[in-house]
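A.B. asks: Turn this into a structure:
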Amino acid sequence: DTGDRGLRGDTGDRGPRGIIGDHGYPGPTGQKGEKGNTGSRGDPGDRGPRGLVGDTGLRGPIGEPGLKGIKGDTGVKGEKGTQSGLRGPIGEPGLKGMKGVEGEKGMKGEKEERNGGTVYVRWGHDQCPSTAQLVYAGRAGGSLYGHSGGGSDPQCLPLDPNYLGAITGIQHRAYMHGAEYQTHTTTGSPAHGAHNYDIPCAVCHVSNRTAVYMVPAKYTCPAGWTR
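C.D. replies: Numbering: from 1, shown residues only. A predicted model of the protein is given here:
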């Protein structure tokens, strides 16, 4: 018969380390792991240095002209001034010419009424000089600068026109407009105060003249002519 199991003995001392064996064969490649979570956004990096200034680009083509603006409202007409400009001095009289040879006496003509002379327009005045008679006073007028079909020369329009009749509506014909002084750029000149005033005119008759000629921008007459 088997007897009772004896008591366990004390653990013996650890034996010496065995010799390292050869490396084993590499194991099979493991399966691909799952994609990890997206990491948090990193801090912004330092600002880089400023780049060099680039070359100037080519000039672009000229754009088309803009649309014409709307015409502004007509300004309020100012009050008429009371001060007239000073008249310039009269020039020195010319030298008297030599007396010509006296001609033969002509035949006596028939007596007739004196109804000759000539007529001229005095612009910028509503009165004639003492050497002429006033036919009528008026205001200067003509075609608008942007309209076509009218006359090119100004007219002295009477203040009391006669109308044969009136046709309502737009007739699409040449219009007659009153003229005004445009002197807003003549600062410091006596003419500056006349800006936007109507231009007066006077039709004058001279009975002892056969021809009249106006020289623009002159207050003296050519040789052989008198005022």
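A.B. asks: Okay, and the beta partners of Val206?
C.D. replies: On the basis of DSSP bridges, Val206 is bridged to Thr118.
A.B. asks: Tell me how many other residues surround it.
C.D. replies: By the criterion of other CB atoms under 10 Å, Val206 has 18 neighbours. In short, each C-beta sits where N, CA and C put it, glycine included.
A.B. asks: That one touches Val212, doesn't it?
C.D. replies: Yes: between Val206 and Val212 there is a contact under CB atoms under 8 Å: 6.7 Å.
A.B. asks: Now do the shared contacts for the two.
C.D. replies: Counting by CB atoms under 8 Å, 6 or more residues apart in numbering, the common neighbours of Val206 and Val212 are Thr118, Val119, Tyr120.
A.B. asks: Need those in TSV (columns: pLDDT).
C.D. replies: Formatted as TSV, the shared contacts of Val206 and Val212 follow (pLDDT from 0 to 100):
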residue	pLDDT
Thr118	92
Val119	93
Tyr120	92
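A.B. asks: Just the buried residues from those, in PyMOL please.
C.D. replies: For the buried members of those, the matching PyMOL selection, counting by 16 or more other CB atoms under 10 Å, is:
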select buried, resi 120
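A.B. asks: Quick check: of the shared contacts of Val206 and Val212, which lies closest to Val101?
C.D. replies: Val101 has its nearest neighbour among the shared contacts of Val206 and Val212 in Thr118, at 29.4 Å by CB to CB.
A.B. asks: Show me which residues of stretch 91-108 are buried.
C.D. replies: Taking 16+ other CB under 10 Å as the criterion, stretch 91-108 shows none as buried.
A.B. asks: repeat for stretch 136-150
C.D. replies: By 16+ other CB under 10 Å, the buried positions in stretch 136-150 come out as Ala137, Gly138, Arg139, Ala140, Gly141, Gly142, Ser143.
A.B. asks: Which of these fall within helices?
C.D. replies: Among those, none falls in helices (DSSP state H).
A.B. asks: Tell me the one among these nearest to Thr183.
C.D. replies: For the buried residues of stretch 136-150, the nearest to Thr183 is Ala140 (14.6 Å; CB to CB).
A.B. asks: Give the pairing partners of the worst-scoring helix or strand of the chain on mean pLDDT; include direction for each.
C.D. replies: Here the helix or strand of the chain ranked lowest by mean pLDDT, DSSP states H and E is strand 177-178, holding a mean of 88. Taking DSSP bridges as the criterion, strand 177-178 forms sheet pairs with strand 133-142 (antiparallel).
A.B. asks: how about Val215, what does it touch?
C.D. replies: Applying CB under 8 Å, 6+ apart, we find Val215 in contact with Cys221, Pro222.
A.B. asks: Need phi/psi at it.
C.D. replies: Main-chain dihedrals, Val215, degrees, to the nearest 10: phi -100, psi 110.
A.B. asks: Tell me the confidence at it?
C.D. replies: Val215 carries a pLDDT value of 79.
A.B. asks: how near is it to Asp153?
C.D. replies: Look at Val215 and Asp153: by CB to CB, to the nearest Å, they are 17 Å apart.
A.B. asks: can you check Asn37 too?
C.D. replies: Separation of Asn37 from Asp153 (CB to CB): 95 Å.
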